[in-house]
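K.L.:
Okay, predicted coordinates and the sequence, questions at the end:
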Amino acid sequence: MIQIYIDADACPVKNEIYKVAERYALKVTVVANSFLRIPDDPLVERVIVNDKFDAADDYIAERADQASIVITSDILLAERCLKQSATVISPTGKPFTENSIGMAVATRSIMADLRAGGEQIGGQAPFSKADRSRFLSALDLAIVQLKRKLDL
């Protein structure tokens, strides 16, 4: 069975994930460092991890596999999950792939170095309706492709 893991603390598309997962009858695990409201649905599970650095990432990365879809904007978590053969999508609908993750990690490192050097760098663009729409399309496509791949 396909399992969706949400790196939930700052995820702006949780409600969209719940709706899509319900349509496909998929299990969703919402992983966060604090209590988050989730739907009253037996297919949706809340996991609250401790506040240790990367505790949510560790929980997800240790469980992700070829039947998992991971929703995260964390590039390093995406990289870890891809190594476990999981499908990984950002909340803006951008899929992380084996081909794109290296460049994403390198860019993240460069930006961190620039910030550490005192450079004023703009943050991410505000989350938009187009991002939400792109995410829904990417999630639907990922589910269909994974079902086909797993012969479900």
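P.N.:
The structure has been received and is ready for your questions.
K.L.:
quick one: least confident helix or strand in the chain?
P.N.:
Within the chain, confidence by mean pLDDT, DSSP states H and E is lowest for helix 98-116 among all helices and strands, at a mean of 64.
K.L.:
what about this structure, any weak spots by pLDDT?
P.N.:
Low-confidence segments of the chain, defined by pLDDT under 70, span residues 101-115, 117, 119-124.
K.L.:
Which strand residues bridge the residue nearest to the spatial centre of the chain?
P.N.:
Centroid check for the chain by C-alpha atoms, centre = their mean gives residue 71 as the closest residue, at 1.5 Å. Beta bridges link residue 71 to residue 6, residue 89 when assigned by DSSP bridges.
K.L.:
Which residues are in contact with the closest residue to residue 133 other than its chain neighbours?
P.N.:
Leaving aside its sequence neighbours, residue 133 sits nearest to residue 93 (C-beta to C-beta, 6 or more residues apart in numbering; 7.7 Å). From N, CA and C alone the C-beta is placed, and that goes for glycine too. Listed by C-beta atoms under 8 Å, 6 or more residues apart in numbering, the contact set of residue 93 reads 131, 133-139.
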